[in-house]
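In: heads up, no residue letters with this:
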């Protein structure tokens with residue numbers, strides 16, 4: 001959706017602003033590490049923050065591998081493709097599983113209703 005795309009753009013811009021001083025050479029490696037550690041600690045202390053930190057780190061590593069090109073970039077492209085396929089099949093499997101559970105629940109309710117009607 002457009003809202004999702006806009007949100008992703010905002011998050012990407014924020015992440016870029018965090019790393020640009022280091023990329024542009026305006027910040028030393030030590031200062032960058034200290035700033036990132038402080039930010040990561042702050043995120044980890046928030047509810048669900050640890051997952052967010054892990055996702056951001058994985059995203060940055062994947063992006064760096066793609067940008068670096070070569071064999072690492074090709075391998076990362078293949079991994080991303082595999083992950084996209086796995087996510088799609090996982091969603092499909094989840095939908096099928098939910099459908100089966102809903103069917104079983106419906107049968108159970110029908111049986112309970114018939115049992116109650118038979119007792120009346």
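Out: Noted; the coordinates are in hand. Bear in mind the structure is a predicted one, so any value in this text is a computation, not a measurement. Residues are numbered from 1 along each chain as shown.
In: can you give me the strands in the chain?
Out: Using DSSP state E, the chain contains no strands.
In: which parts of it are helices?
Out: Assigned by DSSP state H, the helices in the chain fall at 2-23, 29-45, 49-68, 70-119.
In: tell me, what's the model's pLDDT at the residue nearest in space to the middle of the chain?
Out: Note on the chain: the residue nearest the mean C-alpha position is residue 55, at 6.1 Å, using C-alpha atoms, centre = their mean. At residue 55, the predicted lDDT confidence score is 78.
In: likewise residue 34?
Out: 93.
In: and if you look at residue 31?
Out: 93.
In: for the protein, what are the low-confidence residue spans?
Out: For the chain, the stretches with pLDDT under 70 are 65-74, 76, 81, 83-95, 118-120.
In: how deep is residue 51 tucked in, by neighbour count?
Out: Residues near residue 51, counting by other C-beta atoms under 10 Å, number 11. In this view, the C-beta of every residue, glycine as well, is placed from N, C-alpha and C.
In: oh, that last question was meant for residue 40, not what I typed.
Out: 16.
In: surely it meets residue 52?
Out: No. Using C-beta atoms under 8 Å, residue 40 is not in contact with residue 52; the gap is 9.5 Å.
In: identify the contacts common to the two.
Out: Common contact partners of residue 40 and residue 52 (C-beta atoms under 8 Å, 6 or more residues apart in numbering): none.
In: roughly how far apart are residue 110 and residue 104?
Out: From residue 110 over to residue 104 the distance is 11 Å, taken as C-beta to C-beta, to the nearest Å.
In: list the contacts for residue 43?
Out: Applying C-beta under 8 Å, 6+ apart to residue 43 gives the contacts 49, 50, 52, 53.
In: now the second one. Nearest residue, chain neighbours left out?
Out: Okay, so that is residue 50. In space, residue 50 comes closest to residue 44 once its chain neighbours are excluded; the distance is 5.1 Å by C-beta to C-beta, 6 or more residues apart in numbering.
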